[in-house]
Every structure is written in C-alpha cells, then in structure tokens.
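Asker: Got a sequence here, can you model it:
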Amino acid sequence: MNVAEQNYLIPGGAFVEGKVVVDGLQIRYAQAGSGADLVMLPTSSGMMFNFGADKLAESFRVTMIDPPGWGESPLDQKTKPIPDLAHTTAAMIAALGIERFVLSGGSIGGIHALWLTAHYPDRVRATILDGSMAFRKDNWATPGADPVAMVRAAEQGADVSAMLPRAHPRKPWATLEFRQRQLKRILRVIEVTGPEFDEDLAAKLGALDTPVLALFGANDHFVFPSVAKVYERVMKNCKTMIIDDAGHEIPNEQPDLYAGLVKGFVESLPAV
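Answerer: Numbers count the residues shown, from 1 in each chain. Okay, the predicted model is just below:
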C-alpha cells in the first residue's frame, strides 16, 4: 500500500495531537482545520478519527477530545459519572482557548454532550448528536442487555462479543483485534452511561432553547431510530433525522452526508 492509498483509507491525517492538564489530569485531544469551533466528544471506545471529522475540518476548526478514563487517556482514579465529567470537559475546552463552540457527541458521547449543554448553555451554541444513547428507555435495541448488565456479564466471563463494533467497508483497518481493543475500552466506561431515561437531564434540557440536531442510523444495532421522537419531545428546539444505510457509526458509514448535514446546520446558526 502506498502512502496516498494509506492516507485515503485511514482517517485523521490532518489532525495534530496534544495534551492539556485539567484538574490534575492529562487529557488527550487532536485539532485540525480553521474557522468556527466544533468540539467532538467520542463514543465509549474513546477518541477515534473518522472520515466525517476529516471532512468537517475543511470548514471548521475541529477539536476531538479523549475524556479522562476514555480511549487512550489515563484512568481518572476519581472516576466521574457523566454529569460531573462534563465540568472537567468544559474546563479542558476553556484551557484550549475555546469559549463558544458547537458541540457534537456520538453514542455515549451523546449523553456527555447533552450534559455539557445542560451545564453550559451560554457556551454551547448548538449540539449535534449521532446515535446518542440518552433517553433510550423502550428503544434499546438489545432487550435484556442493558450496558451495566453487560459489564457485569463480561466480568464474570460471559461472551459479550455481540457488543463488538461491527466491521464496516469504510474501515479496512478495523480488524478483529482492533475491535476487541475497542470493546475493552467500551466496557471500561459504559457503566457511566446512566439511567435509561434521566429525568434530571430531560428537565434541564427542556428549559433551554439550544438548537439540537440528532441523527440516528436506520440500522443502528444499539438504539432503535424510533427514539428520535423522544428527543423531539424532550427538547423544544431539536431536529432529528434518520440516516438510511447507516448503523451506529454515522460519521464513518455516511461521512459525506454526515458532514453535509452538520455543515448546513452550523451555517444556519446565528453568527457568533
């Protein structure tokens, strides 16, 4: 494989990585592009480059974050539930000199993004979600397999391979070994997913006018796309879309469509 082919197949080539210390914790991040700030919070497997982010970096300054204990960031020995973690994340974003920003989060990162939005509505211009796991009550696509129960089962030696992120044609590097490493990262943080429907979070978000774009894959194997109706009910300024031929990784599975929708949404916002 030549260099050109490798750069095409593996995303993230334009991103420059760094670390910042907040609350005594060394937090990993990566940035690319210029323009309005778009901060991306990761799924439970931690910061993973994707083709959608690459495309967005052509129009915005994109900052990707690996929260404490997620991905390759060191474990936070004071392990924080997501509502508390959001404060550390906000401090880290401020430490990077970013005051007002558009926020995005996928899967469990969607819960993280919503809590940060709820805590800091004066700083979050708008929120973008893909495959968010918040408000999943009655829309969890694996009945009887709640995230916390899966962690307990894995600890007892049960086969939880169904949780392995599915291989996708756009991810030729996602070997079985790669996906097994992802699963270990997922199990490390999935217990902080929170309740299936967090009434406190819903109440806080319901009082806000923050614009929200919530995307769900038609073939998502974690949450049914029918959950979109719940998001519209909870948040008064929420637009939802179901993405055909996409599962739980919309930014990689439909990168052009994803980036186009995000770009259009951000450009429709009032000027900073």
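Asker: Only C-alpha atoms from now on, for both contacts and neighbour counts.
Answerer: Fine.
Asker: Show me where this structure dips below the pLDDT cut-off.
Answerer: 1-9, 71-79, 142-155, 157-188, 190-191 (pLDDT under 70).
Asker: Helices of that one, start to end?
Answerer: Counting by DSSP state H, the chain has helices at residues 3-9, 51-56, 82-95, 108-119, 147-155, 176-189, 199-206, 228-234, 250-253, 255-267.
Asker: And the second one, what does it pack against?
Answerer: In other words, helix 51-56. Counting contacts by 3 or more CA pairs under 8 Å, 6 or more residues apart in numbering; DSSP states H and E, helix 51-56 packs against helix 250-253, helix 255-267.
Asker: Now the last one - C-alpha only, PDB.
Answerer: To tie it back to what came earlier, the one meant is helix 255-267. This file holds the C-alpha atoms of helix 255-267, laid out as PDB (Å, rounded to 0.1, in the frame of the first residue of the first chain):
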ATOM      1  CA  PRO A 255     -19.300  10.600   6.000                       C
ATOM      2  CA  ASP A 256     -20.300  12.800   3.100                       C
ATOM      3  CA  LEU A 257     -24.000  13.000   4.100                       C
ATOM      4  CA  TYR A 258     -23.000  13.500   7.800                       C
ATOM      5  CA  ALA A 259     -20.600  16.300   7.100                       C
ATOM      6  CA  GLY A 260     -23.000  18.000   4.800                       C
ATOM      7  CA  LEU A 261     -25.800  17.900   7.300                       C
ATOM      8  CA  VAL A 262     -23.600  19.200  10.100                       C
ATOM      9  CA  LYS A 263     -22.100  21.900   7.900                       C
ATOM     10  CA  GLY A 264     -25.600  23.100   6.800                       C
ATOM     11  CA  PHE A 265     -26.800  23.000  10.400                       C
ATOM     12  CA  VAL A 266     -23.900  25.000  11.800                       C
ATOM     13  CA  GLU A 267     -24.100  27.600   9.000                       C
END
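Asker: that older thread, please tabulate the helices and strands packed on helix 51-56 in CSV and include mean neighbour count as additional columns.
Answerer: Converted to CSV, the helices and strands packed on helix 51-56 look like this (neighbours: other CA atoms under 10 Å):
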stretch, mean neighbour count
helix 250-253, 23
helix 255-267, 17
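Asker: Can you lay out these as TSV showing distance to Asp209?
Answerer: Shown next, in TSV, are the helices and strands packed on helix 51-56 (distance: least, CA to CA, whole Å):
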stretch	distance to Asp209
helix 250-253	25
helix 255-267	15
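Asker: what's the closest of these to Ala91?
Answerer: helix 255-267 (23.0 Å; CA to CA).
Asker: Compare the helices and strands packed on helix 51-56 and report which one is nearest to Ala113.
Answerer: helix 255-267 (15.2 Å).
Asker: give me the number of residues near Asp66?
Answerer: When neighbours are defined as other CA atoms under 10 Å, Asp66 has 26 of them.
Asker: tell me which residues form a beta bridge with it?
Answerer: Beta-bridge partners recorded for Asp66 (DSSP bridges): Arg28.
Asker: Verify the stated contact: it with Leu41.
Answerer: Yes. With contact defined as CA atoms under 8 Å, Asp66 and Leu41 form a contacting pair (7.3 Å).
Asker: list residues touching both of these two?
Answerer: By CA atoms under 8 Å, 6 or more residues apart in numbering, Asp66 and Leu41 have these common neighbours: Met47.
Asker: Please look at Ala126 and Asp209 and confirm they touch.
Answerer: No. Contact criterion CA under 8 Å: Ala126 and Asp209 do not qualify, at 9.4 Å.
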